[in-house]
Structure formats: C-alpha cells, structure tokens
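Novice: okay, here's the prediction I keep looking at, along with the sequence it came from:
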Amino acid sequence: MSPRPAVGGQPPVGGRPSAGGHPSSGDRPVVSGQNVEDLLRECAPRVLGALVRRHGMFDACEDAVQEALLAAALQWPEEGVPDNPGGWLLTVASRRLVDEIRSDEARRRREDARAAEPEPAAPDPALDRDDSLLLLFLCCHPSLSQPSRVALTLRAAGGLTTAQIAAAFLVPEATMAQRISRAKQSLKASGMPPDAERSARLAEVRHVLYLIFNEGYTASGGPDLTAPGLSAEAIRLTRMLHGLVPDDAETSGLLALMLLTDARRRARTSPSGELVPLDEQDRSLWDGALIAEGVDLVSRALPRGDVGPYQLQAAIAAVHDEAGSPDATDWPQILALYDLLELADPDNPVVSLNRAVAVAKARDPEEALALLAALERDKRLRDHHRLLATRAHLLELQGRTSEAAGAYRAAARRATSAPERRHLTRRADRLAP
C-alpha cells in the first residue's frame, strides 16, 4: 500500500527578517527547504491575488506566480530569504508576466541571469492589502463546475501541484491538468464580484473548503480511509478565510467543525489502517487542543444570531467531543441540534440520515427505521452505501442480526473505499450465524 503524497501545509514559518532594509544575499539567514516551502505557501495567494487585481488574465498570472515560486524554491535555501519575500515574489512574477506579454522569446529571456536573480527595490504597495479573498472568490466563480472550483482552489490558493491534486482525488494527472487549464481559461475576464454577489460567493468558497476537508477526512475511494494532507490543507485555507472575514459566523462555524472533527482523526484508524467507529475509538487519542479551539469558536459564533448549517454541525461535533465515553453522549441534545439543522438545510438527505441515527439513540430504533424508509425514495441517497450501513446499524440495535448482516454486506458491495468495505464486511461476519 503506497502512502498518499503529503499535500497539506505546515504552519507558517516564524522568525522571518523584518521588511525593512535589503542586505546582500550573504547577510541573509539561510533556512531549510521545508521552511522555504512553508513561507512560499503563505505568500503565494497574496501575490497571485495582487497580480490578478493589477493585470487580470488569471491563467497567465497563475503561470507567472508558479515560475516565481520555483525560482524562490531554488534560490532561497542557498542564498537566504529576502527581507520582503512577498515583494520579491511579486517582482519576479510581474517580470515574467510582462516578458510573456511582450515577446514569444520570453522563455529564453527567463533563463537569463538577470531574471533569475531579481532584487526588489522596496516593499511593493500592492501587497499592503491582502487579496487572498479576491483569489478565493475567483477560484469559486459560478461559471466553473464544482470539481473545477475544488481543483483551482487547491492549485492557486493552496499552492499544490497538479500531480498532488490528482493523487489526492485519485484521477490521472493529465485529467486534472486539463480540468485546471479549462478553469483558468474560463477566468480570463473575471474579477472581484459586485457587492451584491459577494455573500453568495463567500458561501460557495465555504462549500468548496468543506468538500476538500471531507475528501481528506474520509476518502471517496482508494486504499486509504483518509488523506490527512488534504484535510490539513482545507483547515489551513479556512483559517486564512476566517482571518479575512473574522466576523462571519458561518466561517467561524466551518473552521470549528473542521477542528472538532479532525481532532478525532488519530483514533479513527487502527495501527493497520482499518476503520474504527466513533463509539469504539480510544478517546485518549483525541486532540484536546483542537477540541478546545473548536468549542471556543462555535461558542462565540452561535450567540451572534443567523445560525447556519456549519455552526449547527460544529455544535453537534462539540457534544460528541466533550463526552468522556459513548454512554455519556448527550443524544437528546444532539437530536435537538439535528432538528434545527434540518430546518436550516431542509434539502440535504445526509442531514436526515444522520438525524435518523440520533432518533435511534435518543428515542427508538424502530422510529428511525421508518425515517430511513422515506429516505430510500430519494434518488441522491437510495443507492448510497451509507444508507444501507445505517439501516444495518439500526437493525443490529434491535437485535435483528440476520437482517443486519445482510444489510452490512449490501453496503460493503457499494462502498468505494477499501477500508470502509472491509469494515462493513467484518460487521456482517460478526453477526452471521
């Protein structure tokens, strides 16, 4: 079983030189390649956003920034980080972009030593403002398909390579390259949306980050249950978004949801990589710092009013995380939160499916099975393995072991994740006569 590529970033490097002054390369501190990579990932969205705001042409700007990042990755580990790394990158990217516009000979000129060793004269005022939100808006343009929004967000705002994104989503690199290329071409004439559109576009940005996190937390296919780097990247980008819109309660809720969910990641798999259900997890492995941060975020977001789905999901996750044992879980409170969530997100069958489990735990499995019967008529869910797995679990709670085993096997046949398939098969084998 080959490991997934590491696609998640580390926290931004600390202790960078101040922005004042421009010492020679010999006076600069030499840093490790990993620190340079972290710093580049931190700077890249702001530089790309500033370049797009100045020149438009998203696709050409993104190519220019990628070349600047490559030049920095080659030079900085040996020569040290410039005093103004963002200005350095913006200067290089701007030169590359201008070269590309001016002449078909730009590729040769980009090999010149002058272009390879730029030195910005002073901090660029274009970086005084943070254009990361502009960049996220552009990546989540409504003209793009949902897969294209996800891919472009990871490439432009996350700094991942095409190969890393393709590996994370289990598609050929050529397929992902075409998807990203088409998305960039579609954004040639795009800019910051009007004020009336920004609220809706912010909701789309949150949704894209939510999708990225979910794919990392439970991979939709392949040999591994999780892709930790992908969920880590979603958390990093959501932290950035939260910093840009700190008063947006739903963004706070989304970040809280990710932290409270990711806090359980180490306990979700056995040492051999097999799935461990929530009620069987070793809770001492849960990350207490992430739980505390997530609880604090959602506790401060909920009283602001206009409670949305992400805040409610985060509140549910908080109730689970704060329970010292499965028996201590406050299922009536979780059910009450699911009642609110179903009102806030009425056309989401997954919410209704999870609510059915809460009904079984708080009240009666038979009532929950009746709710599943209604969900079986929903085309979006009726063939999904999670519906069958939930039915099997409810039947098992009732002691109907033979029926439960059959439902577990049916769910296993439809599961696309190998660890989930093995887990469901083991549940069936355990119940079989």
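Specialist: Noted; the coordinates are in hand. Numbers count the residues shown, from 1 in each chain.

Novice: switch to C-alpha atoms for all contacts and neighbour counts from now on
Specialist: Will do.

Novice: Arg54 should be in a strand, yeah?
Specialist: No - assignment of Arg54 by DSSP: H, G, I helix; E, B strand; the rest coil gives helix, placing it outside any strand.

Novice: how near is it to Asp131?
Specialist: From Arg54 across to Asp131, the span is 11 Å (Cα to Cα, to the nearest Å).

Novice: just Leu160 next, same as before
Specialist: Looking at Leu160 against Asp131, where the rule is Cα to Cα, the gap reads 19 Å.

Novice: try Asp247
Specialist: For Asp247 relative to Asp131 (Cα to Cα), the value is 18 Å.

Novice: settle it for me: which of these two has more neighbours?
Specialist: Higher neighbour count among Asp247 and Asp131: Asp131, with 22 against 12, using other Cα atoms under 10 Å.

Novice: what helices or strands is the helix or strand containing Ala167 leaning on?
Specialist: Element membership of Ala167 [criterion: DSSP states H and E] is helix 162-168. Counting contacts by 3 or more Cα pairs under 8 Å, 6 or more residues apart in numbering; DSSP states H and E, helix 162-168 packs against helix 173-186.

Novice: go again using 10 Å as the cut-off
Specialist: helix 146-152, helix 173-186, helix 195-217, helix 228-244 (3 or more Cα pairs under 10 Å, 6 or more residues apart in numbering; DSSP states H and E).

Novice: how far is the longest one from where the chain is centred?
Specialist: The gap between the average C-alpha position of helix 195-217 and the chain average comes to 10 Å, counting by Cα atoms, centre = their mean, to the nearest Å.

Novice: okay, that helix in PDB with CA atoms only?
Specialist: Written as PDB, here are the backbone C-alpha positions of helix 195-217 (Å, rounded to 0.1, in the frame of the first residue of the first chain):
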ATOM      1  CA  ASP A 195     -21.100  43.600  -3.500                       C
ATOM      2  CA  ALA A 196     -24.500  42.000  -4.100                       C
ATOM      3  CA  GLU A 197     -22.800  38.800  -5.200                       C
ATOM      4  CA  ARG A 198     -20.100  38.600  -2.500                       C
ATOM      5  CA  SER A 199     -22.300  37.000   0.200                       C
ATOM      6  CA  ALA A 200     -23.300  34.200  -2.100                       C
ATOM      7  CA  ARG A 201     -19.800  33.700  -3.400                       C
ATOM      8  CA  LEU A 202     -18.500  33.500   0.200                       C
ATOM      9  CA  ALA A 203     -20.900  30.700   0.800                       C
ATOM     10  CA  GLU A 204     -19.600  28.900  -2.300                       C
ATOM     11  CA  VAL A 205     -16.000  29.400  -1.000                       C
ATOM     12  CA  ARG A 206     -17.000  27.800   2.300                       C
ATOM     13  CA  HIS A 207     -18.700  24.900   0.500                       C
ATOM     14  CA  VAL A 208     -15.600  24.200  -1.600                       C
ATOM     15  CA  LEU A 209     -13.400  24.200   1.500                       C
ATOM     16  CA  TYR A 210     -15.900  21.900   3.200                       C
ATOM     17  CA  LEU A 211     -15.700  19.400   0.200                       C
ATOM     18  CA  ILE A 212     -11.900  19.400   0.400                       C
ATOM     19  CA  PHE A 213     -12.000  18.700   4.100                       C
ATOM     20  CA  ASN A 214     -14.500  15.900   3.700                       C
ATOM     21  CA  GLU A 215     -12.500  14.200   1.000                       C
ATOM     22  CA  GLY A 216      -9.400  14.300   3.200                       C
ATOM     23  CA  TYR A 217     -11.300  13.100   6.300                       C
END
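
Novice: circling back: can I get the helices and strands packed on helix 162-168 in TSV including mean neighbour count, mean pLDDT and distance to Leu285?
Specialist: Output for the helices and strands packed on helix 162-168, formatted as TSV (neighbours: other Cα atoms under 10 Å; pLDDT from 0 to 100; distance: least, Cα to Cα, whole Å):
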stretch	mean neighbour count	mean pLDDT	distance to Leu285
helix 146-152	22	88	31
helix 173-186	17	87	35
helix 195-217	18	84	16
helix 228-244	22	89	16
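
Novice: which outside residues touch stretch 266-283?
Specialist: When contacts are defined by Cα atoms under 10 Å, 6 or more residues apart in numbering, stretch 266-283 is touched by residues 217-218, 223-226, 228, 262-265, 284-287, 320-321, 323-327, 329, 418-424.

Novice: could you turn the buried ones of those residues into a ChimeraX selection?
Specialist: Selection of buried members from the contacts of stretch 266-283 for ChimeraX, criterion 16 or more other Cα atoms under 10 Å:
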select :217,218,223,224,225,226,228,262,263,264,265,286,287,320,321,329,418,419,420,421,422,423,424
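
Novice: can you list the weak-confidence ranges in the stretch 301-433 of the chain?
Specialist: The stretch 301-433 of the chain contains no residues with pLDDT under 70.

Novice: let's see it at 80
Specialist: Under the criterion pLDDT under 80, the flagged ranges of the stretch 301-433 of the chain are 305, 433.

Novice: which parts of it are strands?
Specialist: With DSSP state E, counting those that start in this stretch, there are no strands along the stretch 301-433 of the chain.

Novice: could you pull out the helices for it?
Specialist: Using DSSP state H, counting those that start in this stretch, the helices of the stretch 301-433 of the chain run over 309-322, 331-344, 349-362, 365-375, 385-397, 401-414, 418-431.

Novice: that older thread, who touches both of Arg54 and Asp131?
Specialist: With Cα under 10 Å, 6+ apart as the test, Arg54 and Asp131 both reach Leu48.

Novice: alpha carbons of stretch 372-385, as PDB, please.
Specialist: Output in PDB follows, covering the C-alpha atoms of stretch 372-385 (Å, rounded to 0.1, in the frame of the first residue of the first chain):
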ATOM      1  CA  LEU A 372     -35.000   5.600   6.500                       C
ATOM      2  CA  ALA A 373     -37.900   4.200   4.500                       C
ATOM      3  CA  ALA A 374     -38.700   7.700   3.400                       C
ATOM      4  CA  LEU A 375     -35.000   8.400   2.500                       C
ATOM      5  CA  GLU A 376     -35.000   5.300   0.300                       C
ATOM      6  CA  ARG A 377     -37.200   7.200  -2.200                       C
ATOM      7  CA  ASP A 378     -34.500  10.000  -2.500                       C
ATOM      8  CA  LYS A 379     -32.500   9.300  -5.700                       C
ATOM      9  CA  ARG A 380     -29.500  11.000  -4.200                       C
ATOM     10  CA  LEU A 381     -29.200   8.500  -1.400                       C
ATOM     11  CA  ARG A 382     -31.100   5.400  -2.100                       C
ATOM     12  CA  ASP A 383     -28.100   3.600  -3.800                       C
ATOM     13  CA  HIS A 384     -25.500   5.000  -1.400                       C
ATOM     14  CA  HIS A 385     -23.700   2.600   0.900                       C
END
